[in-house]
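Enquirer: Attaching a predicted model along with its sequence, questions to come.
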Amino acid sequence: MQDTQTVEKPLTQFKSKADLHQDTNIGVPVSGEWSVAQVEALFALPLNELMLKAQETHKSYFPDGDVELATLLSIKTGGCPEDCAYCPQAARYDTDLKAEKLMGLEEVLEAAKAAKAAGSNRFCMGAAWREPKDRDIEKVTAMIKGVKALGLETCATLGMLEADQALALQEAGLDFYNHNLDTSEDFYRSVISTRGYQDRLDTISNVRAAGMSVCCGGIVGMGESRQQRAAFLARLANLSPYPESVPINHLVPVAGTPLAEQKPLDPLEFVRTIAVARISMPKARVRLSAGRQELGRAVQAMCFMAGANSIFYGEQLLTTGNPEAEQDRELLAELGLKTKQSCKAEVLV
Ligand code: SAM
Ligand code: DTB
Ligand code: SF4
C-alpha cells in the first residue's frame, strides 16, 4: 500500500511514465502500453473478479475512498457548428434548445458561489463552441480568476484549443481542461465528422504543454461494441501521462439528435466500463458523468464499488438534467461515502 498525503493544490498527480502502470497478475503492462486485447480481457472477467480487482486498485490508490463533487455550468449554450451525433447543442439538430450568448461574469460567479455553498469541489464552465475565439478567451479568463478567488478548483471545456490559448487559460489559474476523446478512433467516424480524432489529441497535448491537468473521457452507449469500448479506454490509459480526471458519460439520448433512439447500454456493462477505467488508470478520478438520472441508485452504488470517485453535482449538467444535490448527498451518506474536501488533492508519494 502506498502512503498518501493531502496537500494544498498541486493538481498534477503524475510525474513520470514509470508512474503510470501497476503490476497485477492479469497481463496488465508493468510499463509501456495497454493493448486493446488486454483491456478486453479485463472486460471479460467474471463480474466478481473484475469488481474485486477494481476495488483493490481503488483502495490502494485512494485509501480515503472519498468522492469528488464537480458542478457544471453552461456559460455559452447551443448554436454549435459541430455535428456530434449525441449533442443537443449542435445547431444542425432540431432539439428545442434555445441558443444563448456567452454569460456575463457576475452570473457565472453567482452560480459558482452557489456551487461552493452546496459543497462542490470544482466548478466546470462549458461552452458550445468548436473552438474559442481570442476575444472569448479574454472573457473566460476573467471568469476563471473570479471562480478561483472563491476557493474552487476550476475547469473549462470550450472546444479545441491552440497552444497560446491553453497558456492564457493556465495563466489565469485554470486547473483542469476538459476535452474528451469520446470513443474509440474507429467508432468516432460514425459519431462526428466535423473534427477529427487527431484534432482532439492535439488539443489535449496543448493543454498538457501549458501545464494544466487533463480531464478527458467519453461516452458509452452510443452503439459501440465492447471491443470499441475497450479500444477507447486503452487509448485514454495510453495517453502519457493518462488524464487526472476521466469522465465516463452514459449517453443521454436527446430528441432531435441522430442518437435519440439509441437503445440504452446494459447497466452491468456500464459498471464494467467503470471498473476497467479504474484498473487501467489507477490514479485518476473516474467520474460518473452524464446519464446518472437514468442509472438509478443500485447501479450507481455498483459504480462506486467499481471505483468511481467523482460525480457531477447539481441538478443540471450543461443542458440536461442531473440528480438533485440533496438526493446525491443522501445517496452518498447512505453508502457511507465521504466527499472530498474542497481545494485539496491527493498526491501519491
Ligand atoms: N463543445 C465542447 C466540446 O465538445 O469539447 C465542450 C462541451 S461538450 C458538450 C462536452 C462533452 O459532453 C462531450 O465531449 C460529450 O462527451 C459530452 N456530451 C454531450 N452531449 C452528451 C449526451 N447527450 N450524453 C452524454 N454525454 C454528452
Ligand atoms: C463531460 O465529459 N461531461 C460533461 C462535461 N464533460 C462537460 C457534459 C455532459 C453533457 C451532457 C449533455 C448536456 O447536459 O447537454
Ligand atoms: Fe458542439 Fe461540443 Fe456539442 Fe460537439 S459536443 S456539438 S463540439 S457543444
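Expert: Right, received. Where do you want to start? Ligands and ions are numbered 1, 2, ... in the order given.
Enquirer: in the protein, what secondary structure element scores lowest on mean pLDDT?
Expert: Between all helices and strands in the chain, the lowest mean by mean pLDDT, DSSP states H and E belongs to strand 4-8, at a mean of 32.
Enquirer: In contact with residue 105, which residues?
Expert: 139, 142-143, 146 (Cβ atoms under 8 Å, 6 or more residues apart in numbering). In short, each C-beta sits where N, CA and C put it, glycine included.
Enquirer: neighbour-wise, which of these leads?
Expert: Of the contacts of residue 105, residue 143 is surrounded by the most neighbours, 25 neighbours in total, counting by other Cβ atoms under 10 Å.
Enquirer: Skipping adjacent residues, who's closest to that residue in space?
Expert: residue 108 (4.9 Å; Cβ to Cβ, 6 or more residues apart in numbering).
Enquirer: wait, doesn't that neighbour sit right on residue 147?
Expert: Yes - using Cβ atoms under 8 Å, residue 108 is in contact with residue 147, at 7.2 Å.
Enquirer: between those two, which one's more packed in?
Expert: Higher neighbour count among residue 108 and residue 147: residue 147, with 31 against 22, using other Cβ under 10 Å.
Enquirer: For that one, give its distance to residue 115.
Expert: For residue 147, the distance to residue 115 equals 9 Å [Cβ to Cβ, to the nearest Å].
Enquirer: Mutual contacts of the two, please.
Expert: Between them, residue 147 and residue 115 share these contacting residues under Cβ under 8 Å, 6+ apart: residue 123.
Enquirer: Show me what the helix or strand residue 53 falls within packs onto, helices and strands only.
Expert: Using DSSP states H and E, residue 53 maps to helix 47-61. If contacts are counted by 3 or more Cβ pairs under 8 Å, 6 or more residues apart in numbering; DSSP states H and E, helix 47-61 sits against helix 36-43, helix 267-280, helix 292-305.
Enquirer: Now do the same for the residue nearest to the spatial centre of the chain: helix, strand or coil?
Expert: In the chain, the centroid-proximal residue (Cα atoms, centre = their mean) is residue 247; its distance is 2.1 Å. For residue 247, the assignment made with DSSP: H, G, I helix; E, B strand; the rest coil gives strand.
Enquirer: Please report how far it lies from residue 113.
Expert: When residue 247 is compared with residue 113 (using Cβ to Cβ), they lie 24 Å apart.
Enquirer: Likewise for residue 312?
Expert: Residue 312 is 18 Å from residue 113, where distance means Cβ to Cβ.
Enquirer: The two - which one has more neighbours?
Expert: Neighbour count, other Cβ under 10 Å: between residue 312 and residue 113, residue 312 has more, with 24 against 15.
Enquirer: Check that one and give its pLDDT.
Expert: pLDDT for residue 312: 96.
Enquirer: Likewise for residue 341?
Expert: Listed pLDDT for residue 341 reads 76.
Enquirer: can you check residue 19 too?
Expert: 41.
Enquirer: what's the answer for residue 52, then?
Expert: Reported pLDDT for residue 52: 98.
Enquirer: Count the neighbours of it for me.
Expert: 14.
Enquirer: Now do it against ligand 3, distance only.
Expert: Here the criterion is Cβ to the nearest ligand atom, to the nearest Å. By it, residue 52 lies 35 Å from ligand 3.
Enquirer: and the gap between that residue and residue 58?
Expert: When distance is defined by Cβ to Cβ, residue 52 is 11 Å away from residue 58.
Enquirer: taking the mean pLDDT, what do you get for stretch 283-303?
Expert: Stretch 283-303 comes out at a mean pLDDT of 96.
Enquirer: Now the terminal residues of it, how far apart.
Expert: Distance between the boundary residues of stretch 283-303 (Cα to Cα, to the nearest Å) amounts to 16 Å.
Enquirer: and it, is it in reach of ligand 3?
Expert: No - interface with ligand 3: stretch 283-303 contributes nothing (Cβ under 6 Å from any ligand atom), its closest point being 11.0 Å away.
Enquirer: Now do the buried residues in that stretch.
Expert: Applying a neighbour-count criterion of 16 or more other Cβ atoms under 10 Å, one finds 283-295, 299-303 buried in stretch 283-303.
Enquirer: Can you show me the helices along the stretch 51-200 of the chain?
Expert: Ranges of helices in the stretch 51-200 of the chain, per DSSP state H, counting those that start in this stretch, are 105-117, 134-149, 163-172, 185-188, 197-209.
Enquirer: Kindly calculate the angle that the first one makes with helix 134-149.
Expert: Orientation check (axes from the mean of the first three to the mean of the last three Cα atoms, to 10 degrees): helix 105-117 against helix 134-149 gives 40 degrees.
Enquirer: Next, find the distance separating residue 119 from residue 326.
Expert: Using Cβ to Cβ, residue 119 is found at 11 Å from residue 326.
Enquirer: Nice, that's everything, thank you.
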